[in-house]
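Undergrad: Next input, structure requested:
(2 chains)
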Amino acid sequence: MKGKKKLCFLLMLILLSSMLSGCYDSVEVDDLAYVIAIGIDKGTMDNFRITLQFALPLNMGTGGESGGGSGGEDGENKSVYNLTMEAPSVLSGINMANNIVSKQINLSHTKVVVFSKELALEGIGDNILRLKRVRALRPNVNILVSRDGAENFLKAVNPQLSVNTAKYYEQGEITHERIGVTKRTQLHDFSIASRSLGAQPVVSLAGISKYESSDDFERANKDVGENHSTFDISHDEFKAGEIPRVSKNRVEIRGLAVFNGGKMVGELDGNDTTFYFMVTGNFSFNNVTVKDPEDSKNVIVLTVKKSRNPVYKVEFRDGKPEISVKILLEADIAAIGETLNYQTPEHMDILEKKCEEIIKKGALDLLYKTSKEFGSDIFGFGNVAARKYLTWREWKKSDWLSNYKNATFNVDVDLVIRRPGLTVRSEPLV
Amino acid sequence: MKNEIVFGRWEATCFLTSMIGARMFLNFPRTVVEIAGPAGWVLSLYTTILVLIAFFVITRLYKPFEGKDLIDIGEMALGGFGRIIIGLILISYALFSLAIFLREFAEDMKTISYVMSPISFILILLLLGTVAAAYFGLEAIVRTAAIFVPVIIVGFLIIFAGVIPYFNINHLFPILEDGWNNIIANGISLMSVFSPIIWLFFITPYIKTNRNMKAVGYNALWITSLAFFVSSLVYILVYPYPIALENFLPLFHLARLINIGRFFQRIESMFVFIWAAGALLHLSSDFYLLIHVFRKTFRLKYQKPLIIPLAILIFNLSLLPAGLMQTIILESRFAGQYFWIIGFGMPVLVLLISRLRKKTGKGAVKSDER
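TA: Numbers count the residues shown, from 1 in each chain, chains lettered A, B, ... in the order given. Predicted coordinates for the structure are as follows:
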C-alpha cells in the first residue's frame, strides 16, 4: 500500500514537472511584430500599395536623450519601422511581409488604417468590410483618409510629445474629436453607415503640412486671396495639411472626407466639421471667435458647448423631404478685450444673436452642400425619417438616399451665454 | 444505506437556466433578427408569453403526479411501451442536441480562440469535462451550476453595459421587417429554444414538491426570457438590420467592440471564459440527463458504465457535419423548428393521456448513481 502511494506520488511529480516548461509551440510577446498602423494606397504593380508601420517597443520605452519625443535629430521617427510593398489584398501583403520581417506579424494592436484620397475616391467600402472581418483586427480601429497618400502620411508621423507612436494615434484621435474639428470613425462605424439606408459615413481627413518654414505663410496667404472665408470663425477654415504652422511632426488631422456608400465624394474643412458636430449633436466644445458686432476691429472668443441634443423634424411635401433642425447651445465668454460691456444681460443678447446668425448660416450652407453637391446624408436624417414607416419593405422602397438631393432645410439655433468668464464688465483703454 | 439526493430551488433554477440559456451564447440574437428583422426583440417577448402559457398548462396537468418524472408518468399511462417510447424520443433528442451543440461550441471556440488547434482536440477537451461531470453525478453538476450561473450572468451584464456607447435607438426603426405575420407565425417554432425545460420533469424527484417544481420552472423561464430579450435588444441596438444578420457569434461581436478609455478593452477574453463555462455546464447537464434517461428507459441497474460509450458515440456524431455552416443549418432546420414539440408538446400529451386514463400517483426519490 505504502509502495503504491509512493509510486502515485512519483508519477504525479513527473506529470506535473512537464507543465513547468510551458507549451512547446508557445509564442512569446517579443516573438511578435506589432503593426500599429496600416496604410493603403493604389498600387502600380498590383492592386494596392500597403505600408505596415511596426512598433519598435525598445525605442518607445526609453524616450531618448531629446527628452520625450520619438523623433531623432534628423526628423525621423525612431520608434517605428515602416515597410511598404504591393499586393493584391491587405492580408496577402501581410503574408508577404512575413517573408521580410523575422517576427510573426500581429494586428491586435493596430490603431489606425490610413487610405489614400486617390483610393477613397475610387471606393474603399469593400476594403473596409474585408478588414472588419479580419479576426485579428479589432472593429474599433480608426480610419483616416490621407490627402497626401497613405504611405507618405505614415512616414511623416513623428510625434514630439509622446515616445509611443501607438499612444499618439490613440490620444490624438480623442483630442481632435473633443475640439470638434474631426471625427473618430472606426471600422465598425463605417461598415454600418456605408450600408445604411438612412445615413452615410464620414472619415477624418489626414494630411502633411505644406509649410516648410514660417516664411511660407505669407506666400500662401497671397495665394488664398479672395477665396478667404468671410466667416468670423476664421481660424477653423482649414483642412488637413493646410494649417499655417511649422513643427517637426508634419502630419495633421482636420476636416472630414464625405462618402456616398463606400466612395468618397467630397471634403469638409474644420469649420464645416464643427457645424457637422453641432447638427448631429456630438459637439463637445469649441472656442468660437466672433467679430464684435459694434466694432469690427475687435474680436470676442466664446467657448461654445452643446446645451441639449438637437431636435429634428422630417416632413414630406410632394414627396420631397423638408428637414428642420433646432440646435441648442450654450456659451461662456472666454476672452474679451476693451469693448462694449457684453457681460451684462442686455448686451449679451446682441452677442448671442450674432453668434446664432453665424452658426445658422454655417449649418445651412453645410446642409445644402451635403444635399445638393455631395448627395450624401452624413447626418443620418434618414434614420429619423425611417420612424415614419412601419415596415422595412416600405422604408426601402422610399429610397431616402436618392431623395436626399431634393431636401430643403430649416435651421434654428438657440444659443445662450451663461457665464461672462472671469470679468463682469470691460473698461476701455485710455 | 439510503443515498438520497435533494437540492434546493436555487440550485435547480441555476441548473435549468444553464441548460436553456446556452443558446444565447451561440446564435439566439441573430436567429430572432433572421426571423423578424428589426423586431427580433418583439419576437423574443412574444415567445416568452407563449412559453409561460404552455408551462402554466403543463404545471396544471402535473398536479396529481408530484415527485414523478415523465418516464414514470408515461409508464403509468401506457405501461412499458410508454416508457420505452418516451425514453427513446428523449434519448434521440438529447443525442442530437449534444452532438450539435458540442460541435458548435467547439467550432466557435476554434474560430475565436484556438485557431490553429484541430477540431477533434477541442471536442475532446469539452468531452473530458462532460465525462468528468457525469462521473461526479447530478449533485456536483447542480452545485457547480449554482456557483457559475451568477458569474456568467454578471459577465454578460458587463458586456451589455460596455456596449452602451454604441447603442443607437434609430436601429429599432422601422419596427417591422414585413408585417406582424412573421412574428405570429414563428413564435411557436422559436419556443424550441426553451425545449430544455423538458429536463425539469426529470429533476422533479429531486426537488420533491410540485410547488418547488413550479417555482423552479417559472424562475428559470423568467431569467432566460429576460436574458434572451435583453441580448436581442442590445444586439439590434448596436448592429442594425440587415447587418445584424452577418455575425455568426453575436455576443462575441458585441464584446469585441468594448473600448472604454485606454484601460477597459479586450473584454472578449472574459467572454471566452464565461462562454466556455456556460458551454461546459450545458453539455455536462445534457450528458448526465442522457445517461440517466437511458438507464431509466432500459431499466439498467448501473449508469456509470454508460458514460464512456455514450461519450464516444457523441464525439463521432458531432463530427458528422462537414463544417460549421452545416452544423448551424442542421441546428436551425431541426432543433430550431421542431424541438418545441418535445419540450412542450410531449409533456402535455403524456400528462393528458395519463389523466384521461386516470393513472395518477406520487413518487419518491432514490439516487441511482452507480
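
Undergrad: burial count for residue B:136?
TA: Residue B:136 sits with 15 neighbouring residues when counted by other C-beta atoms under 10 Å in any protein chain shown. Using the backbone N, CA and C atoms, a C-beta is placed for each residue, glycine as well.

Undergrad: Retrieve the pLDDT associated with it.
TA: At residue B:136, the model reports a pLDDT of 93.

Undergrad: Quick check on it: phi, psi?
TA: When read as degrees, to the nearest 10, the backbone of residue B:136 gives phi -70, psi -30.

Undergrad: How about residue A:332?
TA: Backbone torsions of residue A:332, given as degrees, to the nearest 10, read phi -120, psi 150.

Undergrad: what's the closest non-adjacent residue to it?
TA: residue A:419 (4.3 Å; C-beta to C-beta, 6 or more residues apart in numbering or on different chains).

Undergrad: The one you found touches residue A:333, doesn't it?
TA: Yes - with contact defined as C-beta atoms under 8 Å, residue A:419 counts as touching residue A:333 (7.1 Å).

Undergrad: higher neighbour count, the two?
TA: Higher neighbour count among residue A:419 and residue A:333: residue A:333, with 21 against 12, using other C-beta under 10 Å.

Undergrad: What's opposite that one in the beta bridge?
TA: Beta-bridge pairing of residue A:333 under DSSP bridges involves residue A:302.

Undergrad: From residue A:306, how far out is the closest residue to chain A within the stretch 51-200 of chain B?
TA: Across the stretch 51-200 of chain B, no residue is closer to chain A than residue B:170, which sits at 3.7 Å (C-beta to the nearest C-beta). With distances taken as C-beta to C-beta, to the nearest Å, residue B:170 is found 19 Å from residue A:306.

Undergrad: For the strand or helix carrying residue B:130, which residues meet the burial criterion?
TA: Assigned by DSSP states H and E, residue B:130 belongs to helix B:119-136. Neighbour counts over helix B:119-136 (16 or more other C-beta atoms under 10 Å in any protein chain shown) mark B:119, B:122, B:123, B:125, B:126, B:127, B:129, B:130, B:131, B:133, B:134 as buried.

Undergrad: Centre of the chain to that helix, how far?
TA: Centroid separation for helix B:119-136 versus its chain: 18 Å, with C-alpha atoms, centre = their mean, to the nearest Å.

Undergrad: what's the pLDDT at residue 63?
TA: Assuming you mean chain A. Note for residue A:63: predicted pLDDT of 49.

Undergrad: wrong chain, I was asking about chain B
TA: Predicted confidence (pLDDT) for residue B:63: 88.

Undergrad: do the same with residue B:68
TA: On pLDDT, residue B:68 comes in at 86.

Undergrad: Those residues of the stretch 1-150 of chain A touching chain B, which are they?
TA: Residues of the stretch 1-150 of chain A found near chain B (C-beta under 8 Å from any C-beta of the partner chain) are A:135, A:138, A:139, A:140.

Undergrad: what's the weakest-modelled helix or strand in the chain?
TA: Looking at chain A here, since you left the chain open. helix A:216-224 (a mean of 62; mean pLDDT, DSSP states H and E).

Undergrad: You answered for a different chain; I wanted chain B.
TA: Lowest by mean pLDDT, DSSP H and E among the helices and strands of chain B is strand B:264-265, with a mean of 74.

Undergrad: That one: what's the following helix or strand?
TA: Next element after strand B:264-265 (DSSP H and E): helix B:268-297.

Undergrad: Could you check the angle whichever helix or strand comes after that following helix makes with helix B:119-136?
TA: Counting by DSSP H and E, the next helix or strand C-terminal to helix B:268-297 is helix B:307-318. Orientation of helix B:307-318 against helix B:119-136 (axes from the mean of the first three to the mean of the last three C-alpha atoms, to 10 degrees) gives an angle of 150 degrees.

Undergrad: Now residue A:50. Its backbone dihedrals?
TA: Main-chain dihedrals, residue A:50, degrees, to the nearest 10: phi -110, psi 130.

Undergrad: I meant to write residue A:37 there.
TA: According to degrees, to the nearest 10, residue A:37 has phi -150, psi 150.

Undergrad: contacting residues around it?
TA: A:51, A:52, A:53, A:110, A:111, A:112, A:113, A:114, A:154, A:157, A:165, A:169 (C-beta atoms under 8 Å, 6 or more residues apart in numbering or on different chains).

Undergrad: next one: residue B:338
TA: By C-beta under 8 Å, 6+ apart, residue B:338 lies in contact with B:189, B:192.

Undergrad: what's the burial count for the residue of the stretch 51-200 of chain B closest to chain A?
TA: Residue B:170: 17 neighbours (other C-beta under 10 Å).

Undergrad: Run a quick neighbour tally on the spatially closest residue to it that is not a sequence neighbour.
TA: Spatially, and ignoring its direct neighbours in sequence, residue B:170 is nearest to residue A:383 (3.7 Å; C-beta to C-beta, 6+ apart). Applying other C-beta under 10 Å, we find 22 residues neighbouring residue A:383.

Undergrad: what's the answer for residue A:106, then?
TA: Neighbourhood size, residue A:106 [other C-beta under 10 Å]: 17.

Undergrad: Relative to residue A:35, how far out is it?
TA: Distance of residue A:106 to residue A:35, given as C-beta to C-beta: 7 Å.

Undergrad: do the same with residue A:337
TA: With distances taken as C-beta to C-beta, residue A:337 is found 50 Å from residue A:35.

Undergrad: Which of the two has more residues huddled nearby?
TA: With neighbours defined as other C-beta under 10 Å, residue A:337 and residue A:35 compare such that residue A:35 has more, 26 against 14.

Undergrad: Now do the same for residue B:252: its pLDDT.
TA: 89.

Undergrad: Check the secondary structure at the closest residue to chain A within the stretch 1-150 of chain B for me.
TA: Closest to chain A within the stretch 1-150 of chain B is residue B:37: 5.5 Å, counting by C-beta to the nearest C-beta. Classification of residue B:37 using DSSP: H, G, I helix; E, B strand; the rest coil returns helix.

Undergrad: What about the closest residue to it other than its chain neighbours, how many residues nearby?
TA: Closest residue in space to residue B:37, ignoring its immediate chain neighbours: residue B:177 at 2.6 Å, by C-beta to C-beta, 6+ apart. Neighbourhood size, residue B:177 [other C-beta under 10 Å]: 20.

Undergrad: Next, the contact list for residue B:177, please.
TA: By C-beta under 8 Å, 6+ apart, the contact list for residue B:177 reads A:391, A:392, A:393, B:36, B:37, B:38, B:39, B:241.

Undergrad: go with 10 Å
TA: A:391-393, B:33-40, B:183, B:241-242 (C-beta atoms under 10 Å, 6 or more residues apart in numbering or on different chains).

Undergrad: for the residue of the stretch 201-350 of chain B found nearest chain A, what are its contacts?
TA: Residue of the stretch 201-350 of chain B nearest chain A, by C-beta to the nearest C-beta: residue B:259 (4.7 Å). Contact analysis of residue B:259 by C-beta under 10 Å, 6+ apart lists A:138, A:139, A:140, A:186, A:188, B:162, B:163, B:165, B:166, B:265, B:266, B:267.
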